[in-house]
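Let's see this in three dimensions:
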Amino acid sequence: MKKRLFSLILLTKICVLCITASNNNLLLWQKAQKATESGDYEKAYQTYQELNRQCDSIYQKVYGEEVEDLRTTYQIDELELQNKQSANHLLSYLIGAISSLSVLILICLFFFRRQNKQLTISRQKLEEAKILAEESVKNKSLFLSNMSHEVRTPLNALSGFSNILSMDGIDNETIRECDDIIRLNSDLLLKLINDVVDISCIDLEHMSFNISSCDAVALCKYVVQTMEKIKHTQADILFHSELESLIINTDSSRLQQILINLIVNASKFTKQGKIILSLEQKGREACFAVTDTGCGIAPELHSRLFGRFEKLDEKAQGTGLGLSICQLIIRRLGGDILIDPTYTDGARFVFTHPLEERRRI
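All right, here's what the predicted structure looks like:
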């Protein structure tokens, strides 16, 4: 019974194996079957063992090939995976290199842009310094030219009329006329020197300001009365204002200097007619204006009015510093000055002054 059962198991195994078996295995299987049918179980058992060994050998060979194929496939997959990992690493390195290079390029561009900006600023400063130097040379030449002419005229008058006074036999009328001329030219020479001193002091910020309360209306009236007495023109010098009093914090001597300069400047170009000083309050500022009915100033010359040594009439006396000094003082006091372009019956200069101290240093 056991032998039959064992034979049945072997037979089943052999049947399965014989599906892929060779012709030799098929012959062994047939031989084993015959031995079993003839009752020679011993021989059938040996035949089945032989067949089993051959089948095992075949299975080992087949499975070995399959395992080898699997191992080869695995190795190929592993190589592909390694290649992919290497490619990924290479791509990562490449991305990192590109990123680093991009950052380096950006840094270089930023650095070069900054250097270029600094170079542009340096060039601009150099150009500005060049323009200032040229302007300084021009101003120096104009200053020497103006001063040599302006100083020579009163000095010649002083020298000439002083010699006349030293002559014998001159009458009192001649002495009085010479004395007036000498006094007039002395005042003119003193004014020229004061203008030069003022412009240099303001530039160096050495001009002192004594700020105190001042009645602008009373100051304007005083200036007009004084200028009316010493004027060198037939034009009337008047003061107009609806204000009875206007208290401001200012340097009264500097404000008086501005008003006198503007009125003197107007009198040079207004031989007849009127020169009017006006005052009004606008908000927290006092607004002064000097209006004349003279020859006026061409609009294209307005931009040159406050330049140093600018003289619209070369024959007129003066250094060309009066308006420039006025502008510097007014701005130091916190106001500003301009010429009114809408007034066409002469010239009108307008300047503002804060009611309270607001100096620009």
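
Going along the chain, name the helices of the chain.
Counting by DSSP state H, one finds helices in the chain at the ranges 2-18, 23-38, 41-165, 172-203, 216-230, 252-268, 322-332.

To Ala347, which of the ones you listed lies closest?
Checking these against Ala347 by Cβ to Cβ gives helix 252-268 as the closest, at 6.8 Å. (Each C-beta comes from the backbone N, C-alpha and C, glycine too.)

can you tell me the average pLDDT over that closest one?
What helix 252-268 shows for mean pLDDT is 87.

For Ile211, grab phi and psi.
Dihedral angles of Ile211 (phi, psi; degrees, to the nearest 10) stand at phi -80, psi 130.

separation between it and Asp168?
55 Å (Cβ to Cβ, to the nearest Å).

between those two, which one's more packed in?
Set side by side, Ile211 and Asp168 show more neighbours around Ile211, with 15 against 4, by other Cβ atoms under 10 Å.

Do I have it right that that one meets Asn249?
Yes: contact criterion Cβ atoms under 8 Å: Ile211 and Asn249 qualify, at 5.6 Å.

Off-centre distance for stretch 179-188?
54 Å (Cα atoms, centre = their mean, to the nearest Å).

same question, stretch 82-102
43 Å.

returning to what we had before: determine which of the helices of the chain approaches Tyr343 most closely.
helix 252-268 (12.2 Å).

tell me, how many neighbours does Asp215 end up with?
With other Cβ under 10 Å as criterion, Asp215 counts 16.

beta partners of it?
Ile247 (DSSP bridges).

tell me the contacts of it?
245-247 (Cβ atoms under 8 Å, 6 or more residues apart in numbering).

For Glu356, see how far away it is.
Asp215 is 15 Å from Glu356, by Cβ to Cβ.

of all the helices of the chain, which lies closest to Gly296?
Nearest to Gly296, of the helices of the chain and by Cβ to Cβ, is helix 252-268 at 10.9 Å.

follow-up on the earlier one: which one of the helices of the chain has the poorest average confidence?
Minimum mean pLDDT among these: helix 2-18, a mean of 47.

Name the member of the contacts of Asp215 with the most neighbours.
Going by other Cβ under 10 Å, Leu246 tops those with 19 neighbours.
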